[in-house]
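Asks: Need a 3D model of the sequence below.
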Amino acid sequence: MIKRFAQHRVAANLTMIMMTLIGLWALRSMPSQLDPPLALPLVFIDVEWRGASAEDVEALVTTPIEAQLRNLDNLHELESRSTTGYMGMRVQFQFDTDMTLAMDQVKQYVANVRNLPVDIEPPIIRRFIDYEPVAEILLTGTGSLT
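Replies: Residues are numbered from 1 along each chain as shown. Next comes the predicted model:
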């Protein structure tokens, strides 16, 4: 093949021109941004139980919810934190997961948890949303803040 290109002057030049044109077309049609948005496949679950110790929150809220969520489809990582009167959980999915279905599945699994304490607040289930800053304001002066 190299011998044929070396003997045929037009074929090598034509191939190089075609490759350059295809590269320019691909470069023009390729999406590019300075800081592209990244949709992380995360779901957060927050449960508040006023007055409960961290051990009670762990045993009566965190453990049953974790046991239920371990059966989620495309689950990558499950991380929870129990403190006094509060439980926070981060559910991370695989990157190719349909997050609408995953969010519905998380809501359904949390709703299926039985024997949760009666006096807890309803679980708050939300997706991760990456907000881009629009503007920043810096105020300086010699007077007081008021």
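Asks: Around residue 48, how many other residues sit close by?
Replies: Using other Cβ atoms under 10 Å, residue 48 has 16 other residues around it. C-beta here means a position set from N, CA and C on the backbone, and glycine is covered the same way.
Asks: Okay, the closest residue to it other than its chain neighbours and residue 103: tell me how far apart.
Replies: Closest residue in space to residue 48, ignoring its immediate chain neighbours: residue 121 at 4.3 Å, by Cβ to Cβ, 6 or more residues apart in numbering. Residue 121 sits 20 Å away from residue 103, going by Cβ to Cβ, to the nearest Å.
Asks: Please identify which of those two sits among more neighbours.
Replies: residue 103 (17 against 12).
Asks: Is the more buried one located within a strand, as I assumed?
Replies: No: assigned with DSSP: H, G, I helix; E, B strand; the rest coil, residue 103 falls outside any strand and is helix.
Asks: That one and residue 44 touch, don't they?
Replies: No: using Cβ atoms under 8 Å, residue 103 makes no contact with residue 44, being 10.7 Å away.
Asks: Spit out the residues that contact these two alike.
Replies: Common neighbours of residue 103 and residue 44 are listed as 125, 127 (criterion: Cβ atoms under 8 Å, 6 or more residues apart in numbering).
Asks: residues touching residue 54, list them.
Replies: By Cβ under 8 Å, 6+ apart, the residues touching residue 54 are 82, 83, 84.
Asks: now those: which count as buried?
Replies: residue 82 (16 or more other Cβ atoms under 10 Å).
Asks: TSV please, covering the contacts of residue 54 and showing distance to residue 107, pLDDT and secondary structure.
Replies: Output for these, formatted as TSV (distance: Cβ to Cβ, whole Å; pLDDT from 0 to 100; DSSP: H, G, I helix; E, B strand; the rest coil):
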residue	distance to residue 107	pLDDT	secondary structure
82	21	95	strand
83	23	95	strand
84	26	95	coil
